[in-house]
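Q: what follows is a predicted structure for the sequence shown.
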Amino acid sequence: MAARDPAFDLVSQDARSEWVRLRTLLLLRWLAVLGQTITVVIASFYLGLRVELGLCFLAIGASVISNLIAMTIFPENQRLSDRDAMLTLLFDLAQLSFLLFLTGGLNNPFALLILAPVTISATALTMRSTAILGLLAVVMITLLAFFYIPLTSGTGKVLELPDLFVVGFWIAITIGIVFLSIYARRVSSETHRMSQALLATQMALAREQKLTDLGGVVAAAAHELGTPLATIKLVSTELAEELADSPDLAEDARLIREQADRCRDILRSMGRAGKDDLHMRSAPFGAVVREAAEPHQDRGIAVHFDFSPDPGEPGGQPIVWRKPEIIHGLRNLVQNAVDFAHGEVWVEGSWGLGKIRLRIVDDGPGFPPDLLGRLGDPFLRRRSRVSDSQRPGYEGMGLGLFIAKTLLERSGAKVRFDNATDPFLVAADTSGQSGAVAEVVWPHASLGLLEDETNAPLGDNQPITA
């Protein structure tokens, strides 16, 4: 059974833990304090409205004091937990509601600012925290529709909207809270998930690149040490024959020969999956595909390979670059096929008309029809195709296909997912290649080597530089 990809752990955790810095919320609160102060001063001294200045400045002062306390106690880079951030926004919501109570309730056009704390929560906090803040915001604006200190002009005239406008304003704010919360949360979640998935892709590619480089170093070492080890073996064999009259010395010579053989076997074993950066940076197309599929060929599923040219094309396989992104991307596709296959997987390669094509098919249940259009996107939470016993640790996030598609498209490929047969046919009506299909098509220019590149000498191994 293949090991779980460590890159999956990056996105299997809570995606919204400690997103928000305290400094960010404090800065927003300072802006709110400035805006509230200017508004109260203009309303009282320029527009001549009768405002409870003492209580208004008391509410504004509460925000100032809370900011100063937070700045004194906590460091500038302090990040808030979901609970702490929710309580901070709840304080802002309560402070704003109290100011609205003092200045006309829903008759105050600034009542729409009650959307701000809920929208911030939707972008940065969990669904639970957002739901709590949204519910409390609706409760507060409902109370403000009935309980408030009316706004009065300098002449004592009460400034109030007709009841119909107040009801309409309440409905608009309520719908705004729900709509903006859903919209902001959806956009921020997709953006964050995509960034996390791309980071996991970069981690997977970096790991594959390191393995390739390490294999190249080992293969280069085996190549360079081959001649000295062969010389040691030859000389030790001759010494063992010449020291036949000295059993102790002959035994030492045979021991030297055995240890030279052991060194050769160790280097060969360590470099089996690695390639010399100069002499093996390219390989036949079939060899690259087989290398990508090798970790999944001993998992109890028969993997069949078939590589053939299109009619009228030369029979020799194209020589392609051994790019880490190609190997890792194909490996993920083969793993997905093996995970869900009942017993067989077919890997079919072909080339012609300036394109190199690869088709990976299994005999499993196929892709869920309702997800076909979204395959290749991360975080498709669907587990119906596989059981825990079939693939331990499977999360159903679609991250493996996302990584494969992203890496292969980075190499210039077009990736398409489909089902081999009609998903509504019963098992008795399907045979052979009846499961999921992953098709990868490269332009020959982006994957294969030109003829003069294939035949060009590569030279000696070069020292590794930092």
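A: In hand now; what should we look at?
Q: low-scoring pLDDT stretches of this structure, where are they?
A: 1-19, 192-224, 226, 268-281, 378-399, 422-432, 448-466 (pLDDT under 70).
Q: all helices of it, in order?
A: 22-41, 53-73, 82-102, 115-124, 127-146, 163-242, 247-270, 285-293, 324-340, 399-410, 444-447, 451-455 (DSSP state H).
Q: as TSV, the ones you listed with mean neighbour count and distance to Asp370 would be great.
A: Quick note: C-beta positions are derived from backbone N, CA and C, even for glycine. Shown next, in TSV, are these (neighbours: other CB atoms under 10 Å; distance: least, CB to CB, whole Å):
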stretch	mean neighbour count	distance to Asp370
helix 22-41	16	39
helix 53-73	14	47
helix 82-102	20	32
helix 115-124	23	27
helix 127-146	17	23
helix 163-242	16	19
helix 247-270	14	46
helix 285-293	20	29
helix 324-340	24	16
helix 399-410	23	15
helix 444-447	16	33
helix 451-455	9	45
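Q: right, so of those helices, which gets closest to Gln433?
A: Set against Gln433 and scored by CB to CB, the helices of the chain come closest in helix 324-340, at 10.7 Å.
Q: which strands and helices lie in contact with that closest one?
A: Judged by 3 or more CB pairs under 8 Å, 6 or more residues apart in numbering; DSSP states H and E, the packing partners of helix 324-340 are helix 163-242, helix 285-293, strand 344-352, strand 355-362, helix 399-410, strand 436-443.
Q: quick one: that helix to helix 399-410, angle?
A: 150 degrees (axes from the mean of the first three to the mean of the last three CA atoms, to 10 degrees).
Q: what angle separates helix 324-340 from strand 344-352?
A: Relative orientation of helix 324-340 and strand 344-352, computed by the same axes, to 10 degrees: 140 degrees.
Q: circling back to that earlier point, export the helices and strands packed on helix 324-340 to CSV and append columns for distance to Pro309.
A: As requested, these are arranged in CSV below (distance: least, CB to CB, whole Å):
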stretch, distance to Pro309
helix 163-242, 28
helix 285-293, 10
strand 344-352, 6
strand 355-362, 10
helix 399-410, 21
strand 436-443, 15
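Q: which among those is found nearest to Leu53?
A: Nearest of the helices and strands packed on helix 324-340 to Leu53, taken as CB to CB: helix 163-242 at 25.0 Å.
Q: next one: Val303 from Val437, what distance?
A: 15 Å (CB to CB, to the nearest Å).
Q: again but with Ile132, I slipped
A: The gap separating Ile132 from Val437 is 46 Å, by CB to CB.
Q: same question for Val288.
A: 20 Å.
Q: do the same with His444
A: Distance from His444 to Val437, by CB to CB: 22 Å.
Q: check Leu25 too.
A: Look at Leu25 and Val437: by CB to CB, they are 49 Å apart.
Q: Leu371 now?
A: As judged by CB to CB, Leu371 and Val437 stand 14 Å apart.
Q: I figured Arg290 hits Val303, correct?
A: No. Arg290 sits out of contact with Val303 when judged by CB atoms under 8 Å, with a separation of 9.2 Å.
Q: that older thread, of all the helices and strands packed on helix 324-340, which one is nearest Glu251?
A: Here helix 163-242 is closest among the helices and strands packed on helix 324-340 (CB to CB), at 8.3 Å.
Q: now distance to Asp363 too, for the helices of the chain, in a markdown table please.
A: Converted to a markdown table, the helices of the chain look like this (distance: least, CB to CB, whole Å):
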| stretch | distance to Asp363 |
| --- | --- |
| helix 22-41 | 53 |
| helix 53-73 | 61 |
| helix 82-102 | 45 |
| helix 115-124 | 44 |
| helix 127-146 | 40 |
| helix 163-242 | 27 |
| helix 247-270 | 34 |
| helix 285-293 | 16 |
| helix 324-340 | 9 |
| helix 399-410 | 19 |
| helix 444-447 | 28 |
| helix 451-455 | 36 |
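Q: quick one: closest of these to Lys355.
A: Short answer: helix 444-447, nearest of the helices of the chain by CB to CB, at 6.2 Å.
Q: ok, now which ones touch the closest residue to Ser63 other than its chain neighbours?
A: In this structure, Ser63 finds its nearest non-sequential neighbour in Val33, 5.1 Å apart by CB to CB, 6 or more residues apart in numbering. By CB atoms under 8 Å, 6 or more residues apart in numbering, the residues touching Val33 are 60, 63-64, 67.
Q: what about Val33, distance to Trp346?
A: 67 Å.
Q: do Pro162 as well
A: From Pro162 to Trp346 the distance is 73 Å (CB to CB).
Q: tell me which of these two has more neighbours.
A: Neighbour count, other CB atoms under 10 Å: between Pro162 and Trp346, Trp346 has more, with 21 against 8.
Q: distance of the more buried one relative to Lys355?
A: Distance from Trp346 to Lys355, by CB to CB: 19 Å.
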